[in-house]
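Trainee: Just a sequence and a predicted model for now, questions to come.
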Amino acid sequence: MTEMEMRPARSAVQEPFDPGDRWVPVDRRWLGLDRRTILPALVVLALALLMGSVLPAINQSVAYDDKVAAGDVIEVDGGVTFVPPVGWGITDGVRSGQRPVSGSYPDTATVVDGDVSFSIKTAPFQGDANALLEQIRTTTTALDGSQGFHFTSEPTDIVTASGDRGVAARFQGARSDGLIAAFVFGDRGVQVTAYGSPDAIDNPTAEIAAMIAGIEYANEGKR
């Protein structure tokens, strides 16, 4: 007697089709897309267009109400001042002598001219200017991620008109080129950033250099 291979019999009942959670009914599709996802996608696209094209265009054409006049000096927290060029727009910060009601000057100030922006930020820091510049590079690279931020020059020693020494390096990003400078006054670090589109940032180089050279520390005797 020949041994027969025993196999389980196939069930005559077919299991019901399970389309899964990703299946979208035909009446809820448009050009193959889930209608529910179209509006959110359009919102994201609109925001990207706004941030990438519209706002920069507005920034270039807007007439700033608060423009730098002859003799204006901008001051930030810690007694750090600089003199912006006449006609630039003040978008952040206050003039020296106009201390806010809080009693302290803000720790940031920004002036702009068309597509070019120049800003100063101060904060407590322990170390020298080289260490501060390296910290700025490391932090910015981590935040920028895939956007391509990187220094395009080695750090260079710079000296202000009042004799304060710092370091500076040029950088390049996905959307802008610029310069970052670092100073340390006592226990306070100063970050200077000038940036703009690759075409725009080269034009006002002399004005940017003059602003950096004009940086002063009001508490010179306390260092």
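Mentor: Received, thanks.
Trainee: Can you show me the strands along the chain?
Mentor: 29-30, 33-34, 74-76, 80-82, 89-92, 94-95, 108-113, 116-124, 150-151, 156-159, 165-172, 177-185, 188-196, 216-217 (DSSP state E).
Trainee: what pLDDT does residue 175 get?
Mentor: What the model reports as pLDDT for residue 175 is 72.
Trainee: oh sorry, the question was meant for residue 146
Mentor: 51.
Trainee: just residue 51 next, same as before
Mentor: Residue 51 is assigned 44 on the pLDDT scale.
Trainee: Tell me the spacing between residue 130 and residue 92.
Mentor: Relative to residue 92, residue 130 is positioned 27 Å away (Cβ to Cβ, to the nearest Å). Quick note: C-beta positions are derived from backbone N, CA and C, even for glycine.
Trainee: hang on, the earlier thing: quick one: which of the strands of the chain is nearest residue 139?
Mentor: strand 188-196 (10.1 Å; Cβ to Cβ).
Trainee: Just the CA atoms of the closest one, as CSV, please.
Mentor: Presented in CSV, the C-alpha positions along strand 188-196 are these (Å, rounded to 0.1, in the frame of the first residue of the first chain):
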residue,chain,number,x,y,z
ARG,A,188,30.1,89.3,27.4
GLY,A,189,30.3,87.9,24.0
VAL,A,190,29.3,89.9,20.9
GLN,A,191,28.2,88.2,17.7
VAL,A,192,28.1,90.3,14.5
THR,A,193,26.4,89.0,11.4
ALA,A,194,26.1,90.6,8.0
TYR,A,195,24.4,88.7,5.3
GLY,A,196,22.4,89.0,2.1
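Trainee: Just checking: what are the partner strands of that strand?
Mentor: Sheet pairing here is set by DSSP bridges, and for strand 188-196 it gives strand 116-124 (antiparallel), strand 177-185 (antiparallel).
Trainee: Quickly list the domain ranges of this protein.
Mentor: Per the TED database, the structural domains of the chain span 26-61, 67-217.
Trainee: pLDDT at the residue nearest to residue 133 when sequence neighbours are not counted, what is it?
Mentor: Distances taken as Cβ to Cβ, 6 or more residues apart in numbering put residue 182 closest to residue 133, at 4.1 Å, once the chain neighbours are dropped. Predicted confidence (pLDDT) for residue 182: 97.
Trainee: and if you look at residue 152?
Mentor: Looking at residue 152, its pLDDT stands at 86.
Trainee: looking at it, it is touching residue 173, isn't it?
Mentor: No. Using Cβ atoms under 8 Å, residue 152 is not in contact with residue 173, being 10.2 Å away.
Trainee: So between those two, which is more surrounded?
Mentor: residue 173 (15 against 11; other Cβ atoms under 10 Å).
Trainee: What about that one? Give its phi and psi, please.
Mentor: In terms of degrees, to the nearest 10, the main-chain angles of residue 173 are phi -120, psi -170.
Trainee: Hmm, residue 151 and it touching each other?
Mentor: No. Contact between residue 173 and residue 151 fails when scored by Cβ under 8 Å: they sit 10.7 Å apart.
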